[in-house]
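**Q** got a predicted structure plus its sequence, pasted below:
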Amino acid sequence: MRRMQIQLLELPLARPFAISRGTRTAVTVIRVTLEQNGFIGRGECTPTPRYSETAESVHAQLEALQADIEAGLSRDALQTRLAAGSARNALDCALWRLDAALAKQTLWQQAARKVPVSVVTAETLSLDTRENMAEAAADAVSRGAVLLKIKLNRDEILEKVAAIRAVAPHATLIIDANEAWAGLDLQSLFNALLPYNIAMIEQPLPAGQDGDLQRFTHSIPLCADESCHTVADIEGLRNRYEMINIKLDKCGGLTEALAMVVEAKKQEMRVMVGCMLGSSLAMEAALPVAIDAEHVDLDGPIWLAADSSPFLTYSQGRIWL
(Lines give C-alpha, C1' and ligand atoms only; values in the text may rest on other atoms or scores of the structure.)
Protein backbone atom coordinates (compact mmCIF):
# COMPACT_ATOMS: atom_id res chain seq x y z
CA MET A 1 0.00 0.00 0.00
CA ARG A 2 1.27 3.44 -0.91
CA ARG A 3 0.79 6.48 1.24
CA MET A 4 0.40 9.94 -0.27
CA GLN A 5 0.95 13.27 1.43
CA ILE A 6 0.09 16.69 -0.05
CA GLN A 7 1.74 19.88 1.20
CA LEU A 8 0.97 23.45 0.23
CA LEU A 9 3.89 25.81 0.82
CA GLU A 10 4.46 29.54 0.38
CA LEU A 11 8.07 30.23 -0.63
CA PRO A 12 9.22 33.85 -0.24
CA LEU A 13 11.38 35.27 -3.02
CA ALA A 14 14.74 36.86 -2.34
CA ARG A 15 13.69 39.81 -4.54
CA PRO A 16 10.62 40.74 -6.60
CA PHE A 17 10.14 38.88 -9.88
CA ALA A 18 8.37 40.85 -12.60
CA ILE A 19 7.14 39.92 -16.07
CA SER A 20 4.68 41.62 -18.43
CA ARG A 21 1.70 40.16 -16.51
CA GLY A 22 2.71 41.32 -13.03
CA THR A 23 5.13 41.10 -10.10
CA ARG A 24 5.54 38.42 -7.44
CA THR A 25 7.27 38.47 -4.06
CA ALA A 26 6.47 34.84 -3.17
CA VAL A 27 5.46 31.65 -4.95
CA THR A 28 3.00 28.99 -3.82
CA VAL A 29 4.06 25.42 -4.55
CA ILE A 30 2.42 22.08 -3.85
CA ARG A 31 4.50 19.02 -2.99
CA VAL A 32 3.42 15.41 -3.22
CA THR A 33 5.23 12.71 -1.26
CA LEU A 34 4.61 9.04 -2.03
CA GLU A 35 5.86 6.30 0.29
CA GLN A 36 5.85 2.59 -0.53
CA ASN A 37 7.79 -0.24 1.15
CA GLY A 38 10.03 2.30 2.87
CA PHE A 39 10.90 4.10 -0.38
CA ILE A 40 9.92 7.70 -1.09
CA GLY A 41 9.24 9.69 -4.25
CA ARG A 42 8.47 13.41 -4.26
CA GLY A 43 7.21 15.90 -6.81
CA GLU A 44 6.60 19.65 -6.78
CA CYS A 45 4.36 21.85 -8.90
CA THR A 46 3.60 25.56 -9.13
CA PRO A 47 -0.09 26.36 -9.82
CA THR A 48 -0.29 29.14 -12.39
CA PRO A 49 -3.20 31.61 -12.70
CA ARG A 50 -2.34 32.13 -16.39
CA TYR A 51 -3.57 28.58 -16.94
CA SER A 52 -6.64 28.95 -14.69
CA GLU A 53 -4.98 27.19 -11.77
CA THR A 54 -5.01 28.09 -8.08
CA ALA A 55 -3.35 26.33 -5.18
CA GLU A 56 -6.82 25.31 -4.02
CA SER A 57 -7.90 23.88 -7.38
CA VAL A 58 -4.70 21.89 -7.81
CA HIS A 59 -4.88 20.63 -4.21
CA ALA A 60 -8.46 19.47 -4.87
CA GLN A 61 -7.36 17.61 -8.03
CA LEU A 62 -4.70 15.78 -6.06
CA GLU A 63 -7.05 14.91 -3.22
CA ALA A 64 -9.62 13.55 -5.66
CA LEU A 65 -7.07 11.06 -7.02
CA GLN A 66 -5.43 10.16 -3.71
CA ALA A 67 -7.29 6.88 -3.18
CA ASP A 68 -6.39 5.64 -6.66
CA ILE A 69 -2.76 6.68 -6.27
CA GLU A 70 -2.54 4.89 -2.94
CA ALA A 71 -4.12 1.83 -4.54
CA GLY A 72 -1.26 1.69 -7.04
CA LEU A 73 -2.21 3.86 -10.04
CA SER A 74 0.70 3.77 -12.50
CA ARG A 75 2.43 6.59 -14.35
CA ASP A 76 0.93 5.44 -17.64
CA ALA A 77 -2.59 5.32 -16.21
CA LEU A 78 -2.12 8.77 -14.66
CA GLN A 79 -1.76 10.32 -18.12
CA THR A 80 -5.41 9.60 -18.90
CA ARG A 81 -6.77 10.31 -15.41
CA LEU A 82 -5.57 13.91 -15.15
CA ALA A 83 -5.30 16.59 -17.81
CA ALA A 84 -1.96 18.24 -18.46
CA GLY A 85 -1.10 20.76 -15.77
CA SER A 86 0.44 21.28 -12.37
CA ALA A 87 -1.41 18.55 -10.48
CA ARG A 88 -0.39 15.84 -12.92
CA ASN A 89 3.17 17.15 -12.92
CA ALA A 90 3.56 16.78 -9.15
CA LEU A 91 2.15 13.23 -9.22
CA ASP A 92 4.03 12.18 -12.34
CA CYS A 93 7.39 13.33 -10.96
CA ALA A 94 6.69 11.72 -7.59
CA LEU A 95 5.88 8.44 -9.35
CA TRP A 96 9.03 8.65 -11.47
CA ARG A 97 11.14 9.07 -8.35
CA LEU A 98 9.26 6.37 -6.43
CA ASP A 99 9.59 3.89 -9.30
CA ALA A 100 13.30 4.70 -9.53
CA ALA A 101 13.75 4.17 -5.79
CA LEU A 102 11.87 0.88 -5.85
CA ALA A 103 14.11 -0.29 -8.70
CA LYS A 104 17.19 0.97 -6.81
CA GLN A 105 17.89 3.40 -9.64
CA THR A 106 18.42 7.11 -10.01
CA LEU A 107 15.90 9.25 -11.88
CA TRP A 108 18.43 9.44 -14.72
CA GLN A 109 18.68 5.66 -14.94
CA GLN A 110 14.90 5.31 -14.83
CA ALA A 111 14.63 7.78 -17.73
CA ALA A 112 17.48 6.07 -19.64
CA ARG A 113 19.44 9.31 -19.77
CA LYS A 114 23.18 9.84 -19.25
CA VAL A 115 24.01 12.28 -16.48
CA PRO A 116 26.07 15.29 -17.66
CA VAL A 117 28.64 16.98 -15.46
CA SER A 118 26.74 20.25 -15.71
CA VAL A 119 24.03 22.04 -17.69
CA VAL A 120 24.15 25.68 -18.78
CA THR A 121 21.07 27.52 -17.53
CA ALA A 122 19.75 30.97 -18.26
CA GLU A 123 19.68 33.58 -15.54
CA THR A 124 16.48 35.59 -15.83
CA LEU A 125 16.51 39.39 -15.79
CA SER A 126 13.24 40.45 -14.21
CA LEU A 127 11.26 43.25 -15.88
CA ASP A 128 12.46 46.57 -14.46
CA THR A 129 13.81 49.94 -15.48
CA ARG A 130 16.51 50.06 -18.14
CA GLU A 131 19.13 50.97 -15.55
CA ASN A 132 18.17 48.24 -13.10
CA MET A 133 18.05 45.57 -15.79
CA ALA A 134 21.50 46.56 -17.04
CA GLU A 135 22.79 46.46 -13.46
CA ALA A 136 21.28 42.99 -12.95
CA ALA A 137 22.86 41.82 -16.21
CA ALA A 138 26.28 43.12 -15.19
CA ASP A 139 25.98 41.37 -11.84
CA ALA A 140 24.95 38.08 -13.47
CA VAL A 141 27.86 38.21 -15.91
CA SER A 142 30.29 38.99 -13.08
CA ARG A 143 29.15 35.75 -11.43
CA GLY A 144 29.80 33.76 -14.59
CA ALA A 145 26.40 33.74 -16.30
CA VAL A 146 26.71 33.04 -20.03
CA LEU A 147 22.99 32.91 -20.93
CA LEU A 148 20.63 35.75 -19.98
CA LYS A 149 16.86 35.68 -20.39
CA ILE A 150 15.41 39.19 -20.65
CA LYS A 151 11.82 39.74 -19.51
CA LEU A 152 10.27 42.57 -21.55
CA ASN A 153 6.91 44.20 -22.10
CA ARG A 154 6.19 46.89 -24.73
CA ASP A 155 8.22 49.66 -23.08
CA GLU A 156 11.74 50.60 -24.19
CA ILE A 157 12.38 47.27 -25.88
CA LEU A 158 15.36 48.36 -27.94
CA GLU A 159 16.73 50.65 -25.25
CA LYS A 160 16.71 47.91 -22.59
CA VAL A 161 18.27 45.35 -24.91
CA ALA A 162 20.98 47.84 -25.90
CA ALA A 163 21.77 48.61 -22.26
CA ILE A 164 22.01 44.92 -21.40
CA ARG A 165 24.13 44.07 -24.42
CA ALA A 166 26.51 46.91 -23.50
CA VAL A 167 27.32 45.31 -20.13
CA ALA A 168 27.10 41.71 -21.37
CA PRO A 169 28.88 41.80 -24.75
CA HIS A 170 29.67 38.07 -24.84
CA ALA A 171 26.58 36.56 -23.21
CA THR A 172 23.91 34.72 -25.17
CA LEU A 173 20.71 36.78 -24.95
CA ILE A 174 17.17 35.44 -25.25
CA ILE A 175 14.05 37.60 -24.88
CA ASP A 176 10.74 36.62 -23.27
CA ALA A 177 7.81 38.89 -24.11
CA ASN A 178 5.19 36.78 -22.28
CA GLU A 179 2.54 37.54 -24.94
CA ALA A 180 2.96 41.33 -24.60
CA TRP A 181 3.78 42.44 -28.15
CA ALA A 182 0.35 42.35 -29.80
CA GLY A 183 -0.15 45.33 -32.13
CA LEU A 184 3.55 45.98 -32.71
CA ASP A 185 5.20 45.78 -36.12
CA LEU A 186 7.03 42.58 -35.27
CA GLN A 187 8.94 42.22 -38.52
CA SER A 188 10.44 45.68 -38.11
CA LEU A 189 11.09 45.10 -34.41
CA PHE A 190 12.88 41.80 -35.04
CA ASN A 191 15.04 43.46 -37.70
CA ALA A 192 15.87 46.31 -35.31
CA LEU A 193 16.99 43.73 -32.73
CA LEU A 194 19.39 42.01 -35.14
CA PRO A 195 22.45 44.15 -34.23
CA TYR A 196 22.18 42.94 -30.64
CA ASN A 197 22.66 39.29 -31.62
CA ILE A 198 19.52 37.91 -29.96
CA ALA A 199 19.50 34.10 -30.00
CA MET A 200 15.74 33.67 -29.66
CA ILE A 201 12.50 35.48 -28.80
CA GLU A 202 9.89 33.72 -26.70
CA GLN A 203 6.12 34.08 -27.22
CA PRO A 204 5.74 37.61 -28.63
CA LEU A 205 1.96 37.29 -29.19
CA PRO A 206 -0.85 35.89 -27.04
CA ALA A 207 -1.58 32.19 -27.38
CA GLY A 208 -4.39 31.67 -29.86
CA GLN A 209 -3.60 35.01 -31.51
CA ASP A 210 -0.22 34.15 -32.97
CA GLY A 211 -1.29 33.26 -36.51
CA ASP A 212 0.36 36.44 -37.85
CA LEU A 213 3.75 34.91 -37.06
CA GLN A 214 3.46 32.70 -40.13
CA ARG A 215 3.01 35.69 -42.46
CA PHE A 216 6.69 36.67 -42.55
CA THR A 217 10.17 35.18 -42.31
CA HIS A 218 11.62 35.44 -38.81
CA SER A 219 14.97 37.17 -38.72
CA ILE A 220 15.30 35.89 -35.13
CA PRO A 221 14.07 32.40 -34.15
CA LEU A 222 10.80 32.34 -32.19
CA CYS A 223 9.90 29.99 -29.35
CA ALA A 224 6.36 28.94 -28.37
CA ASP A 225 5.74 28.98 -24.63
CA GLU A 226 2.16 29.84 -23.68
CA SER A 227 1.07 28.43 -27.07
CA CYS A 228 2.68 25.03 -26.45
CA HIS A 229 1.59 22.70 -23.66
CA THR A 230 1.65 19.08 -24.86
CA VAL A 231 2.62 16.81 -27.75
CA ALA A 232 -0.73 17.56 -29.39
CA ASP A 233 0.20 21.24 -29.86
CA ILE A 234 3.54 20.84 -31.59
CA GLU A 235 2.67 20.01 -35.19
CA GLY A 236 0.29 22.98 -35.46
CA LEU A 237 3.02 25.40 -34.32
CA ARG A 238 5.74 24.52 -36.80
CA ASN A 239 4.72 27.27 -39.26
CA ARG A 240 4.71 29.94 -36.54
CA TYR A 241 7.72 29.06 -34.42
CA GLU A 242 11.15 27.49 -34.75
CA MET A 243 11.29 26.24 -31.16
CA ILE A 244 9.07 25.06 -28.30
CA ASN A 245 9.49 25.67 -24.57
CA ILE A 246 8.77 22.52 -22.55
CA LYS A 247 7.74 23.13 -18.95
CA LEU A 248 6.72 20.28 -16.67
CA ASP A 249 3.96 22.31 -15.03
CA LYS A 250 2.39 23.02 -18.44
CA CYS A 251 2.70 19.57 -19.97
CA GLY A 252 1.89 17.60 -16.84
CA GLY A 253 5.18 16.01 -15.91
CA LEU A 254 8.32 14.27 -17.07
CA THR A 255 6.42 11.58 -18.99
CA GLU A 256 4.81 14.07 -21.37
CA ALA A 257 7.95 16.21 -21.52
CA LEU A 258 10.05 13.33 -22.83
CA ALA A 259 7.38 12.58 -25.43
CA MET A 260 7.44 16.25 -26.49
CA VAL A 261 11.18 16.05 -27.16
CA VAL A 262 10.57 13.12 -29.51
CA GLU A 263 7.74 14.92 -31.32
CA ALA A 264 9.70 18.16 -31.62
CA LYS A 265 12.53 16.32 -33.33
CA LYS A 266 10.01 14.65 -35.64
CA GLN A 267 8.60 18.06 -36.58
CA GLU A 268 12.13 19.49 -36.94
CA MET A 269 11.56 22.00 -34.18
CA ARG A 270 14.21 22.97 -31.66
CA VAL A 271 13.71 22.54 -27.91
CA MET A 272 13.96 24.80 -24.90
CA VAL A 273 13.27 23.66 -21.34
CA GLY A 274 11.83 26.20 -18.94
CA CYS A 275 10.27 26.40 -15.50
CA MET A 276 7.90 28.22 -13.23
CA LEU A 277 9.32 29.66 -10.03
CA GLY A 278 10.04 26.79 -7.67
CA SER A 279 12.64 24.89 -5.70
CA SER A 280 15.43 22.53 -6.74
CA LEU A 281 13.00 19.63 -6.28
CA ALA A 282 11.03 20.87 -9.30
CA MET A 283 14.09 21.79 -11.38
CA GLU A 284 15.82 18.44 -10.87
CA ALA A 285 12.86 16.61 -12.39
CA ALA A 286 13.28 18.57 -15.64
CA LEU A 287 16.99 17.91 -16.05
CA PRO A 288 16.58 14.62 -17.99
CA VAL A 289 14.76 16.72 -20.61
CA ALA A 290 17.32 19.54 -20.49
CA ILE A 291 20.07 17.45 -22.05
CA ASP A 292 18.08 17.48 -25.32
CA ALA A 293 17.49 21.25 -25.20
CA GLU A 294 19.24 24.03 -27.09
CA HIS A 295 18.38 26.51 -24.31
CA VAL A 296 17.73 25.67 -20.66
CA ASP A 297 15.98 28.03 -18.27
CA LEU A 298 15.85 26.28 -14.89
CA ASP A 299 16.92 29.11 -12.61
CA GLY A 300 13.83 29.11 -10.36
CA PRO A 301 15.71 28.31 -7.12
CA ILE A 302 18.05 31.28 -7.38
CA TRP A 303 15.02 33.56 -6.97
CA LEU A 304 13.99 31.96 -3.66
CA ALA A 305 14.88 33.33 -0.25
CA ALA A 306 15.58 29.69 0.72
CA ASP A 307 15.77 26.60 -1.49
CA SER A 308 14.60 23.08 -0.63
CA SER A 309 16.30 19.68 -0.79
CA PRO A 310 17.56 18.12 -3.01
CA PHE A 311 19.73 21.20 -3.44
CA LEU A 312 21.07 21.82 -6.92
CA THR A 313 24.35 23.71 -7.22
CA TYR A 314 24.18 26.89 -9.30
CA SER A 315 27.55 28.38 -10.20
CA GLN A 316 29.22 30.04 -13.20
CA GLY A 317 25.98 30.02 -15.18
CA ARG A 318 25.55 26.27 -14.79
CA ILE A 319 23.70 23.65 -12.80
CA TRP A 320 26.28 21.17 -11.54
CA LEU A 321 25.34 17.53 -11.14
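**A** Looks like it came in fine. Numbering: from 1, shown residues only.
**Q** give me the contact list for the helix or strand containing Glu135.
**A** According to DSSP states H and E, Glu135 maps onto helix 130-142. The contact list for helix 130-142, computed with C-beta atoms under 8 Å, 6 or more residues apart in numbering, reads 123, 125-128, 148, 150, 156, 159-160, 163-164, 166-168, 171. All C-beta spots, glycine's among them, are computed from the backbone N, C-alpha and C.
**Q** just how off-centre is it within its chain?
**A** 22 Å (C-alpha atoms, centre = their mean, to the nearest Å).
**Q** and for stretch 149-167?
**A** Remark: stretch 149-167 is offset 21 Å from the chain centroid, using C-alpha atoms, centre = their mean.
**Q** can you give me the buried ones in it?
**A** The neighbour-count check on stretch 149-167 (16 or more other C-beta atoms under 10 Å) flags Lys149, Ile150, Lys151, Leu152, Asn153, Ile157, Lys160, Val161, Ala163, Ile164, Arg165, Val167 as buried.
**Q** tell me which two of those sit farthest apart.
**A** Pairwise distances among the buried residues of stretch 149-167 were taken by C-beta to C-beta; the largest, 20.6 Å, belongs to Asn153 and Val167.
**Q** tell me the buried residues in the one helix or strand Ala232 maps to?
**A** Ala232 belongs to helix 231-234 when assigned by DSSP H and E. If you call a residue buried by 16+ other C-beta under 10 Å, then helix 231-234 has these buried ones: Val231, Asp233, Ile234.
**Q** all helices for the stretch 101-250 of the chain, in order.
**A** In the stretch 101-250 of the chain, the segments counted as helices under DSSP state H, counting those that start in this stretch are 107-110, 130-142, 157-167, 186-193, 231-234, 248-251.
**Q** nearest to Gly208, of those helices?
**A** Nearest to Gly208 among the helices of the stretch 101-250 of the chain is helix 231-234; the distance by C-beta to C-beta comes to 11.2 Å.
**Q** so what touches the closest one?
**A** Contacts of helix 231-234 (C-beta under 8 Å, 6+ apart): Ala224, Ser227, Cys228, Ile244, Glu256, Ala259, Met260, Glu263, Ala264, Gln267, Met269.
**Q** can you list those residues in TSV and add pLDDT?
**A** Conversion of those to TSV gives the following (pLDDT from 0 to 100):
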residue	pLDDT
Ala224	98
Ser227	98
Cys228	98
Ile244	98
Glu256	98
Ala259	98
Met260	98
Glu263	98
Ala264	98
Gln267	97
Met269	98
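**Q** and the residues you listed as TSV, adding distance to Ser142 and neighbour count?
**A** As requested, the contacts of helix 231-234 are exported to TSV (distance: C-beta to C-beta, whole Å; neighbours: other C-beta atoms under 10 Å):
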residue	distance to Ser142	neighbour count
Ala224	32	25
Ser227	35	23
Cys228	34	27
Ile244	32	28
Glu256	38	21
Ala259	39	16
Met260	35	27
Glu263	39	16
Ala264	34	24
Gln267	39	13
Met269	34	20
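**Q** so which of the buried residues of stretch 149-167 is the closest to Thr23?
**A** Within those, proximity to Thr23 (C-beta to C-beta) peaks at Lys151, which comes in at 10.6 Å.
**Q** what residues are up against the residue nearest to that closest one when sequence neighbours are not counted?
**A** The shortest distance from Lys151 to any non-neighbouring residue, by C-beta to C-beta, 6 or more residues apart in numbering, is to Leu127 (4.3 Å). For Leu127, the contacting residues are Ala18, Ile19, Ser20, Thr23, Met133, Lys151, Leu152, Asn153, by C-beta under 8 Å, 6+ apart.
**Q** if you set the cut-off to 6 Å instead, what comes out?
**A** Going by C-beta atoms under 6 Å, 6 or more residues apart in numbering, Leu127 touches Ala18, Ile19, Lys151.
**Q** from these, which land in strands?
**A** Members of the contacts of Leu127 lying in strands (criterion: DSSP state E): Ala18, Ile19, Lys151.
**Q** and for the residue nearest to Arg318 when sequence neighbours are not counted, the neighbour number?
**A** Leaving aside its chain neighbours, Arg318 sits nearest to Ser118 (4.2 Å; criterion: C-beta to C-beta, 6+ apart). The tally of other residues near Ser118 (other C-beta atoms under 10 Å) stands at 13.
**Q** kindly report the same for the one 4 residues further on.
**A** Residues near Ala122, counting by other C-beta under 10 Å, number 26.
**Q** before we move on, back to that, now the helix holding Glu135 and helix 157-167, what's the angle there?
**A** 30 degrees (axes from the mean of the first three to the mean of the last three C-alpha atoms, to 10 degrees).
**Q** pLDDT of helix 130-142, averaged?
**A** The pLDDT scores in helix 130-142 average 98.
**Q** let me see the ranges of the strands in the stretch 201-321 of the chain.
**A** 222-224, 243-246, 270-273, 295-296, 313-315, 318-320 (DSSP state E, counting those that start in this stretch).
**Q** out of those strands, the one nearest Glu284 is which?
**A** Of all the strands of the stretch 201-321 of the chain, strand 318-320 sits nearest to Glu284, with 8.8 Å by C-beta to C-beta.
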